[in-house]
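**Q** A predicted structure for the sequence below; I have some questions about it.
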Amino acid sequence: MIVTIDGPAGSGKSSTAKKVAERIGWNYLDSGALYRTWTLLYVMGGMDKDYFLDVAGVHKVTLSVNEKGTGTEPLLNGEKVGDEIRQPIISSNVSAVAAMGPVRDKVNEEMRRIVQEHHFIADGRDLGSVVFPDAALKFYMVADLGERAKRRYEELKSKGMEVSLEEISRNLADRDAQDSGRDIAPLTRPEGSVEIDTTAMDFDEQVSFISGLINEKLTV
Ligand code: DC
């Protein structure tokens with residue numbers, strides 16, 4: 001069974017999905033982390049699109065479910081990528097990489113394979129609309145840009161990264177525009193999804209709301 005949470009960058013999807021998964025004992029799948037891992041490969045190859053698509057190929061990123069069975073972890077050539085995929089250089093290039101058809105095909109194939117094995121909560125941009133249109137429950141999470149930038153700033157600071165609020169705000173706005181405006185699988189509110197505006201909600205409220213609906217609507 002799969003539950004999807006889509007929405008713009010920084011709306012709180014990942015942290016909420018992770019916590020809900022822990023609470024109800026499901027697995028968590030962060031699809032953005034897969035696009036970020038592809039972007040790491042792109043950046044390492046000098047940001048040359050032809051080289052990236054032809055030479056680096058699209059066969060090097062694999063995803064594995066970790067041993068505790070609560071999360072997933074992208075691997076690049078078998079190696080963990082860790083917080084490297086959260087660096088600003090990755091955030092500024094990820095929307096361009098995610099707009100490439102071969103990359104999307106590869107990520108979707110990997111995700112569809114992995115969800116066969118467990119119950120999953122997955123977050124992204126096109127999960128409820130394109131990748132898992134038959135998801136058991138779909139959420140669409142939004143929040144004001146200012147609030148999203150503040151949350152992302154605090155998150156990155158707590159990881160020890162040197163970032164500015166203006167830079168983060170600009171990056172989120174740019175990604176909103178690119179992710180919603182691209183030709184393939186743009187960010188959109190999936191049909192049949194439950195919309196949640198988290199601007200004025202705290203984290204526990206978000207988690208309780210989603211876990212509550214899952215418990216109410218789904219029999220696992
Ligand atoms: O969730 P995130 O901000 O880490 O995602 C990084 C980027 O990956 C996002 O700006 C667009 C892309 N992405 C996508 O195109 N489709 C998804 N399902 C998930 C992420």
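**A** Perfect, I can see it now.

**Q** Any part of the longest helix seen in the chain near the ligand?
**A** Assignment by DSSP state H gives helix 165-181 as the longest helix of the chain. Yes - using Cβ under 6 Å from any ligand atom, helix 165-181 reaches the ligand at 175, 179. In this view, the C-beta of every residue, glycine as well, is placed from N, C-alpha and C.

**Q** Am I right that Phe132 is in contact with Val115?
**A** Yes - here Phe132 reaches Val115: they are 7.5 Å apart, a contact under Cβ atoms under 8 Å.

**Q** overlap in contacts of those two?
**A** Counting by Cβ atoms under 8 Å, 6 or more residues apart in numbering, the contacts common to Phe132 and Val115 are 2, 122.

**Q** Surely Ile196 is in a strand?
**A** Yes - checked against DSSP: H, G, I helix; E, B strand; the rest coil, Ile196 lies within a strand.

**Q** Now for it, how many residues are close by?
**A** Neighbourhood size, Ile196 [other Cβ atoms under 10 Å]: 22.

**Q** check contacts around it.
**A** If you count contacts by Cβ under 8 Å, 6+ apart, Ile196 has them with 139-142, 206, 209-210.

**Q** Does the ligand have contacts with stretch 1-10?
**A** Yes - against the ligand, stretch 1-10 shows contacts by Cβ under 6 Å from any ligand atom at Ala9.

**Q** Alpha carbons only: can I get that stretch in PDB?
**A** C-alpha atoms of stretch 1-10 as PDB (Å, rounded to 0.1, in the frame of the first residue of the first chain):
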ATOM      1  CA  MET A   1       0.000   0.000   0.000                       C
ATOM      2  CA  ILE A   2       1.200   3.500  -0.700                       C
ATOM      3  CA  VAL A   3       0.300   7.000   0.600                       C
ATOM      4  CA  THR A   4       1.700  10.000  -1.300                       C
ATOM      5  CA  ILE A   5       2.500  13.500  -0.200                       C
ATOM      6  CA  ASP A   6       3.300  16.000  -2.900                       C
ATOM      7  CA  GLY A   7       3.900  19.700  -2.700                       C
ATOM      8  CA  PRO A   8       6.400  22.500  -3.300                       C
ATOM      9  CA  ALA A   9       9.900  22.600  -1.900                       C
ATOM     10  CA  GLY A  10      10.100  23.200   1.800                       C
END
